[in-house]
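[1] predicted model and sequence below, questions to follow.
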Amino acid sequence: MSKTGYKQIRRMTPAMRINHWVVAICMVAAVITGLYIGHPYYQTFIADPAVDKYVMAWNRWGHFIVAIIFDVTSIVVAYLFFFSRFEKPYKKVLPTAKNMKEFGAVVVNLLTLNRTKNFDSTHSDSFNTVYFAIFHLLLAWMLFTGLQMYVHGLASGESSIGRWWPWMLHLVTDWTIPVSSWMVGGGPTATLMDVRISHHITMWLIIAWVVFHIYYQVWRTIFWKEGDIAIVVGGSKFVKENKEA
């Protein structure tokens, strides 16, 4: 399909778009419930106190459910990052001369308000790919620190599915305690509070990431006039006919 002077380029498969919106919705739910868990900011409207309506319990349950969905989507993204038959994003984050030149060209394009555009915007560029890689690293950190806080609720070493579950969580997440202490300047004694603080700070970093992500997609749509913002809805964008698909 083509319009006058433009060619339609497929950029996201239906599975990729579904994954994108699942992550977006879960992120909103995770922020709302996570802020409540850290500092309860509302109470049930019914006359009984919030504690009698299990408001905290429902928020913790919702937070845990979206975290599980994040786990699944992260595994899918990690697989597609290397083995997708549609595109292989890892090739764009490798520090090759071509990728570094493209990355710099995109940054210059952004800073000069599109006065200079010395790269092909038909497919995902190095800047956008690296930016999304950073997001998924932040998300992975949130998952590890979140599971570390969760496993401390199983202090007895028991769970409804057996002792192996807390043991495995400690095995894969205990390292976040000293790392969190180093990140937040917790001093020589690392505690779970360092993990909580790191988890909270990372949430704000992700929110800042989302703000710039939305701004940049709108920016690209306005300046490049290629319909980039429609990619996550229809899966395609439009580029000038004289560009290679």
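    Perfect, thanks for sending it.

[2] helix, strand or coil for K92?
    Following DSSP: H, G, I helix; E, B strand; the rest coil, K92 is assigned to helix.

[3] burial of the nearest residue to it once chain neighbours are set aside, as a residue count?
    In this structure, K92 finds its nearest non-sequential neighbour in T129, 3.8 Å apart by CB to CB, 6 or more residues apart in numbering. C-betas here are computed from N, CA, C, even on glycine. Neighbourhood size, T129 [other CB atoms under 10 Å]: 22.

[4] again, but for V108
    Here the count is done by other CB under 10 Å, and V108 has 14 residues near it.

[5] sorry, back to before: after the helix or strand the residue nearest to K92 falls within comes which helix or strand?
    If you go by DSSP states H and E, T129 is part of helix 126-151. Counting by DSSP H and E, the next helix or strand C-terminal to helix 126-151 is helix 164-173.

[6] report the angle between the helix or strand hosting V211 and helix 126-151.
    Secondary structure assignment for V211, by DSSP H and E: helix 192-224. Using axes from the mean of the first three to the mean of the last three CA atoms, to 10 degrees, the inter-axis angle of helix 192-224 relative to helix 126-151 is 150 degrees.

[7] tell me the buried residues in stretch 209-217?
    For stretch 209-217, burial by neighbour count (16 or more other CB atoms under 10 Å) applies to W209, Y216, Q217.

[8] please apply the same query to stretch 139-154.
    Buried residues in stretch 139-154, counting neighbours by 16+ other CB under 10 Å, are found at L139, W141, M142, L143, F144, T145, G146, L147, Q148, Y150, V151, L154.

[9] tell me the phi and psi of P40?
    In this entry, P40 is assigned phi and psi values of phi -50, psi 120 (degrees, to the nearest 10).

[10] distance check, the residue lying closest to it once chain neighbours are set aside against L143.
    Closest residue to P40 apart from its sequence neighbours, by CB to CB, 6+ apart: M56 at 6.7 Å. Spatial separation of M56 from L143 under the definition CB to CB, to the nearest Å is 21 Å.

[11] re the thing from before, hmm, the residue nearest to P40 is touching Y42, no?
    No - shown here, M56 and Y42 do not form a contact pair, counting by CB atoms under 8 Å, at 11.0 Å.

[12] which elements pack onto the helix holding T129?
    Contacts of helix 126-151 with other secondary structure elements, assessed using 3 or more CB pairs under 8 Å, 6 or more residues apart in numbering; DSSP states H and E, are made with helix 55-83, helix 90-93, helix 97-111, helix 164-173, helix 176-184, helix 192-224.

[13] select, out of the ones you listed, the one closest to F135.
    F135 lies closest, by CB to CB, to one member of the helices and strands packed on helix 126-151: helix 192-224, at 5.4 Å.

[14] one step back: buried set for the helix or strand just after the helix holding V211?
    The first helix or strand that comes after helix 192-224 along the chain, using DSSP H and E, is helix 231-234. Buried residues in helix 231-234, defined by neighbour count with 16+ other CB under 10 Å: I231.

[15] what pairs with whatever helix or strand comes next after helix 231-234, and is each one parallel or antiparallel?
    From helix 231-234 onward toward the C-terminus, using DSSP H and E, the following helix or strand is strand 236-240. Using DSSP bridges, the strands paired with strand 236-240 in its sheet are strand 6-10 (antiparallel).

[16] test my guess that W219 contacts L110.
    Yes - A contact is recorded between W219 and L110 when judged using CB under 8 Å, the distance being 7.3 Å.

[17] higher neighbour count, the two?
    Neighbours around W219 and L110, counted as other CB under 10 Å, are more numerous at W219. The numbers are 17 against 14.
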